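Enquirer: quick one, structure for this:
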Amino acid sequence: MARKILIGVAAVIVLLVLVILTRPATFHVERSIGVGAPPENAFALVNDFHAWPEWSPWEKRDPQMKKTFEGPPAGVGAKYAWSGNDEVGEGHMTLEKSERPSTIGIKLEFLKPFAATNATTFTFAPAAGGSKVTWAMDGENSFMAKAASLFMDMDKMIGADFEKGLAAMKTAAESAPKAAPAGPTALPVPTAIPVGP
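Expert: Residues are numbered from 1 along each chain as shown. Now for the predicted structure:
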């Protein structure tokens, strides 16, 4: 009898492992929002890690979170590391792409509660009434992540945080002074200078 039970349990485990292995190897989460301000306003809030407390949904989960910054104050090469409670965990981000005012690419590395490396992309496009901001994340699903996806809707969970962050970013971008446009500042057109006799 005991042998039959063990064989049955083993069969269930093998079946579960096979089901887990069939889950997608990668994931993509994406959310967008319309902002009543030019792309430069929202771009500035993401391009500088020091500005993230204004809109990041995770900053509010642990006000005592330890943060460190390295590299330039903003743009390519800027680095941000955090260590906090169980909700925010520990990790660091490196800003790898900064094309003002349209695209920002970030390498996101989690250390705790689990190790993972994901690519995060923000795009800012002109739209009627202001701009459209899109926040996306791409990564690989480990075996544990595949197993978790059987019981949790990861897109819904991560997407909910993206939606909160984008809503806060919208508020901050719309209340901020108009950011300087990208590219060189236009020089004033010289006026005609009267020539003396």
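Enquirer: what is the least confident helix or strand in this structure?
Expert: helix 143-148 (a mean of 58; mean pLDDT, DSSP states H and E).
Enquirer: can you name the element that comes right after that helix?
Expert: Downstream of helix 143-148, the next assigned helix or strand under DSSP states H and E is helix 154-175.
Enquirer: and that following helix, what other elements does it pack with?
Expert: strand 26-35, helix 39-47, strand 130-140 (3 or more CB pairs under 8 Å, 6 or more residues apart in numbering; DSSP states H and E). Quick note: C-beta positions are derived from backbone N, CA and C, even for glycine.
Enquirer: where does pLDDT dip in the chain?
Expert: 9, 11-12, 14-25, 141-153, 178-197 (pLDDT under 70).
Enquirer: so which residue is smack in the middle of it?
Expert: residue 120 (4.8 Å; CA atoms, centre = their mean).
Enquirer: for beta bridges, what are the partners of that residue?
Expert: Judged by DSSP bridges, the bridge partners of residue 120 are residue 106, residue 137.
Enquirer: touching, it and residue 105? I think so.
Expert: Yes - between residue 120 and residue 105 there is a contact under CB atoms under 8 Å: 7.3 Å.
Enquirer: for residue 121, see how far away residue 26 is.
Expert: For residue 26, the distance to residue 121 (CB to CB, to the nearest Å) stands at 14 Å.
Enquirer: that should have said residue 5, apologies.
Expert: Taking CB to CB as the measure, residue 5 falls 50 Å from residue 121.
Enquirer: cool, residue 69 as well?
Expert: 21 Å.
Enquirer: and residue 96, by the same measure?
Expert: If you go by CB to CB, the gap between residue 96 and residue 121 works out to 10 Å.
Enquirer: now residue 46
Expert: For residue 46 relative to residue 121 (CB to CB), the value is 10 Å.
Enquirer: hmm, back to that, more neighbours: residue 5 and residue 121, which one.
Expert: The residue with more neighbours, out of residue 5 and residue 121, is residue 121; 15 against 9, by other CB atoms under 10 Å.
Enquirer: what's the closest non-adjacent residue to the more buried one?
Expert: residue 136 (4.9 Å; CB to CB, 6 or more residues apart in numbering).
Enquirer: does that neighbour touch residue 106 like I think?
Expert: No - if you go by CB under 8 Å, residue 136 and residue 106 don't touch, sitting 10.7 Å apart.
Enquirer: find residues that contact each of those two.
Expert: Common contacts of residue 136 and residue 106, defined by CB atoms under 8 Å, 6 or more residues apart in numbering, comprise 120, 121, 122.
Enquirer: ok, residue 35 - contacts?
Expert: Contacts of residue 35 by CB under 8 Å, 6+ apart are 41, 42, 130, 131, 132, 133, 169, 170, 173, 174.
Enquirer: the helix or strand where residue 111 lies vs strand 130-140, what angle?
Expert: According to DSSP H and E, residue 111 maps onto strand 103-112. Note on geometry: by axes from the mean of the first three to the mean of the last three CA atoms, to 10 degrees, strand 103-112 and strand 130-140 are set 40 degrees apart in direction.
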